[in-house]
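Colleague: Sharing a sequence plus its predicted fold:
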Amino acid sequence: WAAAVGGVPVADYFAAYEDEMEPLKAFDRALFGGSPEELPDLYRECSPMTYVDDVRAPVLIWAGENDPRCPIRQIDNYLDRLAERGARYEEYRYDAGHGSLVVAETIKQVGIEVYFVQRMLGMTQD
């Protein structure tokens, strides 16, 4: 991969489950067939955090500071691990939840994604 972009991602299923609202916990239990306590191996297998040490491409992650669906702590865990490894990453945070209904913010996010990918592919002078 030349680059990766994660928009409001689940990055650490264990931390996400701990921090999310009860309806989302119920959704995860239905999706996985149980809780992380009941199925730790499955949650670990499905969690991007499990594979963070294999990431070689530059990563852009954008997320809402107040996201109840993909809580920010689990994203911070992932970014902290990338930083510990000295991996190349960028982040963009906005003051909202899982998404923004403000058109200007949505346009800004798309612009950030496109500019990041262009830079990683050597399509800009930066």
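Modeller: Okay, I see it. Numbering: from 1, shown residues only.
Colleague: what's in contact with the helix or strand that contains residue 113?
Modeller: Using DSSP states H and E, residue 113 falls within helix 103-120. Helix 103-120 has contacts (Cβ atoms under 8 Å, 6 or more residues apart in numbering) with 2-3, 5, 7, 57-58, 60, 62, 90, 92, 94, 96, 99-100, 124, 126. Quick note: C-beta positions are derived from backbone N, CA and C, even for glycine.
Colleague: hmm, which of those are the buried ones?
Modeller: Applying 16 or more other Cβ atoms under 10 Å to the contacts of helix 103-120, the neighbour count classes 3, 5, 7, 58, 60, 62, 94, 96, 100 as buried.
Colleague: between those, which is nearest residue 29?
Modeller: residue 7 (24.6 Å; Cβ to Cβ).
Colleague: What pLDDT is listed against the nearest residue to the closest one once chain neighbours are set aside?
Modeller: Using Cβ to Cβ, 6 or more residues apart in numbering and skipping residues adjacent in sequence, the residue nearest residue 7 is residue 62, 5.4 Å away. Reported pLDDT at residue 62 in the predicted model: 96.
Colleague: Surely residue 62 forms part of a strand?
Modeller: Yes. Residue 62: assigned to a strand according to DSSP: H, G, I helix; E, B strand; the rest coil.
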